[in-house]
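> Everything below, folded, please.
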Amino acid sequence: MPLPALAAGRFWSNAMRELALHVLDVCENALRAGATRIDLTITEDTAADRLTIDIIDNGSGMDAEMSARARDPFFTTKHGRRIGLGLPLLEQAATATGGTVSVTPAPSGGTQVTATFGLAHPDRQPLGDLGGVVAMVLSGTSSLDIRLVYTYNGTVFVFDSGKLRNELDGLWVDHPAVVRFIRDRIRAGLDRRVIANP
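Coordinates of the predicted model:
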């Protein structure tokens, strides 16, 4: 017997304790929409007390009505499911810190999801294992490129799987060594202790 929607919401909100898991959910939606490119921009600005996560894909996109309905927990495009909790849980996580979530058609024709959070707010979830999430998403398909731009107080780290793909000369992320390299490279790039003291 399926869980009632509210009980399911409590279960998943407890399961989604890292922002990286919300990023994973949005990336999975992009893949289902046929995306071949995801631009992921994360900005931490301590002076403004703001964390921004911006995800743009080139998938089939959403019209204005679907964009509005996407944040309704009782709306889903996934077959076999009666509820769609991904974006509502992201919105709950953002608003708990004084932030917002917007879902709009992207200029490229796909979808843009932007979430803002109070950076120092005690209810803000940790960023989590973004390196593991990006490596996992890339290892699931050979037709996707992800460009990650992470900015911490003006210092920028960039990971571009398209450039890496060109350098690998035929070897791709279904190879365990490449998955580990991507994961570890992003983890190191997001290490604020390294970024703050170049």
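
> so where do the helices sit in this protein?
Along the chain, counting by DSSP state H, helices occupy 5-15, 19-32, 64-69, 86-95, 130-139, 161-168, 176-189, 192-196.

> need the least confident one among those, by mean pLDDT.
In terms of average pLDDT, helix 5-15 trails the rest of these, at a mean of 44.

> picking that back up, quick one: closest of the helices of the chain to residue 58.
helix 19-32 (8.4 Å; C-beta to C-beta). Using the backbone N, CA and C atoms, a C-beta is placed for each residue, glycine as well.

> Could you list the buried residues of the closest one?
19-27, 29-31 (16 or more other C-beta atoms under 10 Å).

> same question, stretch 103-121
Using 16+ other C-beta under 10 Å as the test for burial, stretch 103-121 gives 103, 106, 110-119.

> any idea which residue sits dead centre in the chain?
Closest to where the C-alpha atoms of the chain average out (C-alpha atoms, centre = their mean) is residue 23, at 2.0 Å.

> quick one: that one and residue 55 touch, right?
Yes - contact status for residue 23 versus residue 55: in contact at 6.7 Å, counting by C-beta atoms under 8 Å.

> so what sits against both of those two?
Listed as contacting both residue 23 and residue 55 by C-beta atoms under 8 Å, 6 or more residues apart in numbering are residue 40.

> List the contacts of residue 136.
Residue 136 neighbours (C-beta under 8 Å, 6+ apart): 24, 179.

> ok, residue 39 touching residue 53?
No - using C-beta under 8 Å, residue 39 is not in contact with residue 53; the gap is 11.6 Å.

> Compare neighbour counts for these two and give me the winner.
For the pair residue 39 and residue 53, the greater number of neighbours falls to residue 53 (24 against 19), based on other C-beta atoms under 10 Å.

> Look up the closest residue to that one, ignoring the ones flanking it.
Once flanking residues are discounted, residue 53 sits nearest to residue 115: 4.7 Å by C-beta to C-beta, 6 or more residues apart in numbering.

> who does the residue nearest to residue 189 when sequence neighbours are not counted bridge with?
Once flanking residues are discounted, residue 189 sits nearest to residue 157: 3.8 Å by C-beta to C-beta, 6+ apart. Beta-bridge pairing of residue 157 under DSSP bridges involves residue 150.
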